[in-house]
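> Output the structure for:
(6 chains)
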4 protein chains.
Amino acid sequence: MANKAAPDSSRRSERSRRAIFDAALTLVGEVGYDKLTIEGIASRAGVGKQTIYRWWPSKAAVLLDAFTEGVDEYEGLPDTGDLAADLKFVLRATADEFNDPAFQAPYRALAAAGANDEELSRTFLARLMEPGTRVYVDRLRAAQETGEVAADIDVRIAVEMLLSPFSQRWLMRTGELTYDFVDTLVDQVLRGVRPRG
Amino acid sequence: MANKAAPDSSRRSERSRRAIFDAALTLVGEVGYDKLTIEGIASRAGVGKQTIYRWWPSKAAVLLDAFTEGVDEYEGLPDTGDLAADLKFVLRATADEFNDPAFQAPYRALAAAGANDEELSRTFLARLMEPGTRVYVDRLRAAQETGEVAADIDVRIAVEMLLSPFSQRWLMRTGELTYDFVDTLVDQVLRGVRPRG
Amino acid sequence: MANKAAPDSSRRSERSRRAIFDAALTLVGEVGYDKLTIEGIASRAGVGKQTIYRWWPSKAAVLLDAFTEGVDEYEGLPDTGDLAADLKFVLRATADEFNDPAFQAPYRALAAAGANDEELSRTFLARLMEPGTRVYVDRLRAAQETGEVAADIDVRIAVEMLLSPFSQRWLMRTGELTYDFVDTLVDQVLRGVRPRG
Amino acid sequence: MANKAAPDSSRRSERSRRAIFDAALTLVGEVGYDKLTIEGIASRAGVGKQTIYRWWPSKAAVLLDAFTEGVDEYEGLPDTGDLAADLKFVLRATADEFNDPAFQAPYRALAAAGANDEELSRTFLARLMEPGTRVYVDRLRAAQETGEVAADIDVRIAVEMLLSPFSQRWLMRTGELTYDFVDTLVDQVLRGVRPRG
DNA sequence: ACCTAAACGAGACGGTACGTCATGTCTTTTT
DNA sequence: AAAAAGACATGACGTACCGTCTCGTTTAGGT
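Residues are numbered from 1 along each chain as shown, chains lettered A, B, ... in the order given. Modelled structure (predicted):
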């Protein structure tokens, strides 16, 4: 993703843009989302407030862009032929990522802000969640064709059964994201998804 | 729940307490959580600001109490012997509830506030989510004893496979909460949970 | 004048009011009227901006009150029987006052602000200029009765002939306010005002 | 005056210069001096801000030039032999001019700005006030030679006795500039200035 | 007729101050 | 003693201008 997010104007200062992103991400980690202020970002970035207001409508939008900037293109899931192993491998890696404190503050803040702001939510989903989800859908559909997954399964919902418990635990702090949890989750989901017989 | 939230002090004005709850719930619907203010609540309720600060530490706490006040005791799930039917029945009812606009604003606001505030999150979970979750866990455990559910299933995770996709869709607006969705979800979860044979 | 300017409200903080006046007068001397800011006054006075905005509509109004607070009741002119001597005595004293740097900044600022703000101008005139003018008018009228001043003289205009050149020199910096100037001015005005014959 | 204010550079755009003057004079009438902004002038004139900053140091300077541009060369006072008549004639004309609304806003603004800005004040006096004053001084001196005015009169101060009450009334709004006022003023000043007999 | 350097329009930039709003604390008066 | 009312110091909001600084684009002269 990112790095093609060309400035909206040829006049725009790339230097300021970067400084704002850095400041926003640093500050959200230091003081939390609620105490993150546009003034704080501006002053930390050595930038006039207007420069932020000129290009973003809200602190959430700044944070979203800042966060997006740092996220790499999503690659497809591995396909070793062993569906369970593939899913466990990727979900374990994702668990590691979500357990990284530097990642938590901005992502959690954005998810929460999205709950109250439908517009922001749409962008958040389209830019961060949807691409992440699609690779799972694709992998399961592939598995459906090889017969690893039953034909009458609703793949989208199967993916939700896999990813939502994961996201929910993390977002609402209802549980730890351990490898054990991930493995059991994958196993129980696949159990319901495999062809019977 | 509710109705045991006795005044903390005999001196406390019940009338003010109700007025504050009413104002908070009305306002969160009207202006949204971010623009909900203590001053606004106080003035709408015809109450001094101090009366709010005296009894609650934050607007989130007010809202949580206000919301809790209106929620009824959770009853156990029905047990007709048909697990799928029981789950679909209750989840459909819950979908109706979550689709009610009056319910959405405060609940969504609390869920989001919880994401950024660990302390609030704990209360939110303990007061609203945990009781709701437990009845499912209980019902599945009962089913495990009758053999409807395999013995080696992690019931807690099974419940998450059922409820998280539901919550997630609603909270993040990733999809509609239709009866179709609920039914398919229940079916696919149970498929993975039933004893093999 | 002043010292009866009771707080507009029993709740009002006298301490803040004084601090604001002190800060305003000090600052207008230090940085000049144009660079005098509400924010600067508030911060120097150790007071919230709102406390200023609550009680005054503009920095000019603050300054006017601050200045007024320090000005004493105007007393009548002396009447030694020698009109010229009396006028010279008082005008010389006034010249000294107007040559005092601490007095200049706020007074000049107010006079200038009044030129562009009709509302402010009215208060400025009523509170500061009119009382100062009246004592001259009274003295001349008294002189008219003793026959020192001709009966057909327009006393108001005579006073303007005396005071306006004085004010104008000072305000527009068109000349110095020396004792010589004052004496000559009094002499030439009285020459035109005395009964002929 | 005017029409010799040649462009400082041959490259300079006459068109922009005029547009800036027009905009400045129009705007000062519309919004007043305090709310007159460089940005506003530039945008109204269809000109870049830099074009203003390139040629003038402040909005006061722009306004002063704009105003000066429209003022004609001062001519000497008429000398019909009747000093009182000559003075009344010219002062009445000046009263008409000062009562013209289009004239008031910029002139008042400049006078006020001059009170707080010594540098500006000097230019304002030299360009607008001094030439206006000199013609009166000249006329009175001529009268002194013909014996219409006593030899021991300080002519400069006599002129101030004539013009300052006039300016002061207008600038501070302490009175109307009527023909009656002008006539009485001239009469009372001349009374004090004529040789005694 | 071309070339070049200035002046130009546009407008982004780092700042300062604006006037408003809400915070959480406090004091005064009423119930 | 709790409550309504509301002043207070604090601090962020989002806006308006400041004066400086590039950007292309006219537009005069000088060649």
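> Which parts of chain A belong to which domain?
Domain segmentation of chain A under automatic domain parsing yields A:14-69, A:83-191.
> now the ones you listed in TSV, with mean pLDDT?
Shown next, in TSV, are the domains of chain A (pLDDT from 0 to 100):
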stretch	mean pLDDT
domain A:14-69	96
domain A:83-191	93
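> now these as TSV including mean neighbour count?
Bear in mind the C-beta positions are built from the backbone N, C-alpha and C, glycine included. What follows is the domains of chain A, written out as TSV (neighbours: other C-beta atoms under 10 Å in any protein chain shown):
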stretch	mean neighbour count
domain A:14-69	18
domain A:83-191	18
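> among those, which is nearest residue B:137?
Judged by C-beta to C-beta, the one of the domains of chain A that comes nearest to residue B:137 is domain A:83-191, at 12.6 Å.
> And what about the residue sitting nearest the centre point of chain A, helix, strand or coil?
In chain A, the C-alpha nearest the mean C-alpha coordinate belongs to residue A:128, at 4.5 Å (C-alpha atoms, centre = their mean). Secondary structure state of residue A:128, per DSSP: H, G, I helix; E, B strand; the rest coil, is helix.
> any bit of stretch A:75-87 sitting next to chain B?
No. Applying C-beta under 8 Å from any C-beta of the partner chain, one finds stretch A:75-87 separated from chain B by no less than 12.6 Å.
> Tabulate the domains of chain A (CSV), appending distance to residue C:97.
What follows is the domains of chain A, written out as CSV (distance: least, C-beta to C-beta, whole Å):
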stretch, distance to residue C:97
domain A:14-69, 45
domain A:83-191, 62
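> Which element, helix or strand, includes whichever residue of chain A sits closest to chain C?
Residue nearest to chain C within chain A: residue A:39 (14.4 Å; C-beta to the nearest C-beta). Here residue A:39 sits within helix A:38-45, counting by DSSP states H and E.
> and that helix, what other elements does it pack with?
In terms of contacts (3 or more C-beta pairs under 8 Å, 6 or more residues apart in numbering or on different chains; DSSP states H and E), helix A:38-45 is packed against helix A:14-31, helix A:49-55, helix A:59-69.
> just to revisit the earlier point, could you double-check that the residue nearest to the centre of chain A lies in contact with residue A:71?
Yes. Residue A:128 is in contact with residue A:71 according to C-beta atoms under 8 Å; the separation is 6.9 Å.
> Excluding chain neighbours, what is closest to residue A:16?
Spatial nearest neighbour of residue A:16, excluding adjacent residues (C-beta to C-beta, 6 or more residues apart in numbering or on different chains): residue A:47 at 5.1 Å.
> For that neighbour, give its distance to residue A:14.
12 Å (C-beta to C-beta, to the nearest Å).
> ditto for residue A:50
In this view, residue A:50 and residue A:14 are 17 Å apart by C-beta to C-beta.
> Over to residue A:174?
Going from residue A:174 to residue A:14 by C-beta to C-beta gives 41 Å.
> ranges for the helices of chain A?
A:14-31, A:38-45, A:49-55, A:59-69, A:83-98, A:101-116, A:118-124, A:130-146, A:155-172, A:179-191 (DSSP state H).
> want to try TSV for those, with distance to residue C:110 as columns?
Output for these, formatted as TSV (distance: least, C-beta to C-beta, whole Å):
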stretch	distance to residue C:110
helix A:14-31	42
helix A:38-45	34
helix A:49-55	33
helix A:59-69	42
helix A:83-98	64
helix A:101-116	49
helix A:118-124	50
helix A:130-146	64
helix A:155-172	60
helix A:179-191	74
